[in-house]
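Enquirer: Following is a predicted model, sequence given first.
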Amino acid sequence: MILHFEKGTANDEVQSVRDRLECEGIRTLLSTETARPIVGVIDQVPEDLQAELRGDRRIESIHICRGDRRMVERSYREMPLTVKVGKVEIGPGKCVVMAGPCSVEGREIMLEAARLAKDAGAHVLRGGAYKPRTSPYTFQGFGVEGLAQLKESGEHFDMPVVTEIMDASHLPAFVDHEIDMLQVGARNMQNFTMLKAIASAGIPVLLKRALSGTVDEWLYSAEYLSAFGCPQVVLCERGIRTYEKATRNTLDLTVLPLLREWTHLPIIVDPAHAVGVARFIRPLAAASVAAGADGLIVEAHPRPEEARSDRDQALLPNELAAIVADARVQAAVTGRQFHA
């Protein structure tokens with residue numbers, strides 16, 4: 001359960017309620033919400049103690065959680081969360097675009113791709129230094145050198161960077177290169193050992209939904225990150241695996257209104273991995289923003305035919321610019337700020 005205290009309740013009064021619960025062996029969490037004190041109660045509360053809490057004048061309302069999640073539950077905060085990635089804010093009332101090549105392929109092409117993304121109006125630079133590939137014989141990324149090239153390109157164009165981490169042992173390199181946001185890919189959504197390890201770094205995380213991951217499983221993975229030290233989590237819907245083979249995956253936009261009720265975390269959409277075909281990305285990106293996404297993440301490459309991975313879904317410069325322009329208009333129409 002989650003306890004919402006009356007606004008203005010003193011810290012010592014909130015602590016007295018926590019002490020009362022914890023003396024019974026019931027663990028509690030204090031939300032970082034500033035509008036009012038909010039306390040998450042982790043363990044089962046006996047009925048007599050529940051009655052005591054309901055009668056406490058300091059507690060305005062009690063919210064029952066879905067399952068064992070606490071920190072990512074919508075009621076754990078008064079207002080939806082805003083995650084800051086460098087100078088870019090992802091959250092309520094805003095719309096951002098992350099763009100860049102699927103893979104970091106070399107210093108010059110990365111700088112060219114970063115210029116493409118910046119000129120089109122994107123806010124965060126993406127690029128894979130470590131690449132999870134289905135075939136062991138395809139390009140796997142440049143590793144640490146790729147991190148250096150990505151960060152250099154981001155700094156050159158004043159853009160924070162996001163890139164995928166595939167193993168906890170790689171974390172020191174990501175920290176050393178001051179990567180602004182860690183991406184947990186679909187294949188690692190339930191790699192709980194890795195989630196716990198990377199959470200300790202305190203770097204914002206972009207958590208992609210697994211290919212067959214349910215919303216419950218996805219949010220439990222976000223709870224792992226939050227519980228182990230990283231509450232700055234952004235969810236990313238990237239399409240799920242269904243029986244349909246005409247497109248790469250099936251984009252599930254039904255999760256957007258659902259997640260607004262279930263969690264306070266920001267939500268962005270990756271239409272590129274959902275459809276897998278560049279010419280179909282623009283309408284899906286528009287639909288995502290219209291449905292309330294806090295942003296988009298797409299792949300763009302100066303010369304897609306030369307890309308070493310995901311060339312079929314890599315956008316040309318004019319295609320990326322059109323998607324950014326659409327998002328800017330839709331953000332304005334829906335009363336949101338398109339990040340400068």
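Expert: All right, it came through fine. Numbers count the residues shown, from 1 in each chain.
Enquirer: got the CA coordinates for the lengthiest strand in the chain in CSV?
Expert: The strand that spans the most residues within the chain, counting by DSSP state E, is strand 94-100. Extracted C-alpha coordinates of strand 94-100, given in CSV (Å, rounded to 0.1, in the frame of the first residue of the first chain):
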residue,chain,number,x,y,z
LYS,A,94,7.3,17.8,-22.9
CYS,A,95,8.2,16.0,-26.1
VAL,A,96,11.7,15.0,-27.0
VAL,A,97,13.4,13.1,-29.9
MET,A,98,16.4,10.8,-29.6
ALA,A,99,18.1,10.0,-32.9
GLY,A,100,21.3,8.6,-34.4
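Enquirer: C-terminal to that strand, what's the next element?
Expert: helix 107-120 (DSSP states H and E).
Enquirer: picking up where we left off before, what angle separates the longest strand of the chain from helix 107-120?
Expert: 150 degrees (axes from the mean of the first three to the mean of the last three Cα atoms, to 10 degrees).
Enquirer: so for strand 94-100, what's the average pLDDT?
Expert: Across strand 94-100, pLDDT averages out at 97.
Enquirer: Flag every buried residue along it.
Expert: Using 16 or more other Cβ atoms under 10 Å as the test for burial, strand 94-100 gives 94-100. Every C-beta, even on glycine, is put in place using the N, C-alpha and C of the backbone.
Enquirer: Repeat that for stretch 155-170.
Expert: For stretch 155-170, by 16+ other Cβ under 10 Å, it's 159-166, 168, 170.
Enquirer: What of stretch 114-134?
Expert: Quick answer for stretch 114-134 (16+ other Cβ under 10 Å): 114, 116-118, 120-131.
Enquirer: Confidence-wise, which helix or strand of this protein is lowest on average?
Expert: Ranked by mean pLDDT, DSSP states H and E, the weakest helix or strand in the chain is strand 337-338, scoring a mean of 88.
Enquirer: what's that one packed up against?
Expert: Contacts defined by 3 or more Cβ pairs under 8 Å, 6 or more residues apart in numbering; DSSP states H and E place strand 337-338 against strand 94-100, helix 317-333.
Enquirer: The shortest one pairs with which strands, parallel or anti?
Expert: Paired with strand 94-100 in the same sheet, following DSSP bridges, are strand 124-126 (parallel), strand 295-299 (parallel), strand 337-338 (parallel).
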